[in-house]
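A.B. asks: for reference, the sequence and a predicted model appear below.
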Amino acid sequence: MTRDVLERWLEGVVTAPGATALDDPDVARRVLLDDALRAVPLLEENGGPVVDVGSGGGSPGLPLAVALPTRDFTLLEAERRKCAFLETFARELRNVEVVWGRAEERPLEIYGVALAKALAKPPVAVELCAPLVVRGGAVVLWLGETADRGQVARVAELMGCRLESESSGLVLLRKVDPTPAGFPRRPGVAKKRPLA
């Protein structure tokens, strides 16, 4: 049944207006499904509930929730229309909750892992994700080739994290200290005035 959910989701994400810019099913499978599933080993090594920040059309959260049915996933999305799209598939998965909202408005330090893929520029993604993760937890980012790893490491340090590993653009930041006072900043501030 869950494989069927993923197939219908892939078909839906390509055809639903505004869900993704991808319109080729094969490219969508590679970019949205296969690329998301690369993070399975990292999630298996890092426990606790998972939040996909800025879930958009559902990647990486939805494929990972299907791959790891014993883990609880929150798909956090600020656009109500995208939440409605995600709900059509999340209803069939007992371990998935769709939440309409922003990272800056979520309770702090309640997730074991925060995911961000194409959420924002990497330093902004770090600032939005790190406050949501418990001490000892992890932030997993998908970084492009041109992303400045030095900026990511500097912002991670400001957010109480350290860059622990990177493999093929998949970066794991370990939360080693509590979220500093003053973070997260008000909604929209991280994008308007990035720390890096």
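C.D. replies: Arrived safely.
A.B. asks: lowest-confidence helix or strand of this protein?
C.D. replies: Using mean pLDDT, DSSP states H and E, the weakest-scoring helix or strand in the chain turns out to be helix 25-28, at a mean of 79.
A.B. asks: chain center to it, what's the gap?
C.D. replies: 20 Å (C-alpha atoms, centre = their mean, to the nearest Å).
A.B. asks: can you tell me what sits against the very next helix or strand once past that helix?
C.D. replies: Sequence-wise, the next helix or strand downstream of helix 25-28 (DSSP states H and E) is helix 35-37. By C-beta atoms under 8 Å, 6 or more residues apart in numbering, the list of residues contacting helix 35-37 from outside reads 59-64, 67, 117, 142. C-betas here are computed from N, CA, C, even on glycine.
A.B. asks: now tabulate those residues in TSV and tack on secondary structure and pLDDT.
C.D. replies: Shown next, in TSV, are these (DSSP: H, G, I helix; E, B strand; the rest coil; pLDDT from 0 to 100):
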residue	secondary structure	pLDDT
59	coil	94
60	coil	96
61	helix	97
62	helix	95
63	helix	96
64	helix	97
67	helix	95
117	strand	94
142	strand	95
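A.B. asks: tell me which residues touch residue 142, please.
C.D. replies: 35, 60, 116-118, 169-171.
A.B. asks: one more pass at 6 Å, please.
C.D. replies: residue 117 (C-beta atoms under 6 Å, 6 or more residues apart in numbering).
A.B. asks: go on, residue 158?
C.D. replies: Contacts of residue 158 by C-beta under 6 Å, 6+ apart are residue 195.
A.B. asks: would you mind measuring from it to residue 5?
C.D. replies: Residue 158 is 38 Å from residue 5, where distance means C-beta to C-beta, to the nearest Å.
A.B. asks: cool, and residue 13?
C.D. replies: 12 Å.
A.B. asks: and these two? which has more neighbours close in?
C.D. replies: Ranked by neighbour count (other C-beta atoms under 10 Å), residue 13 and residue 5 place residue 13 first, with 23 against 20.
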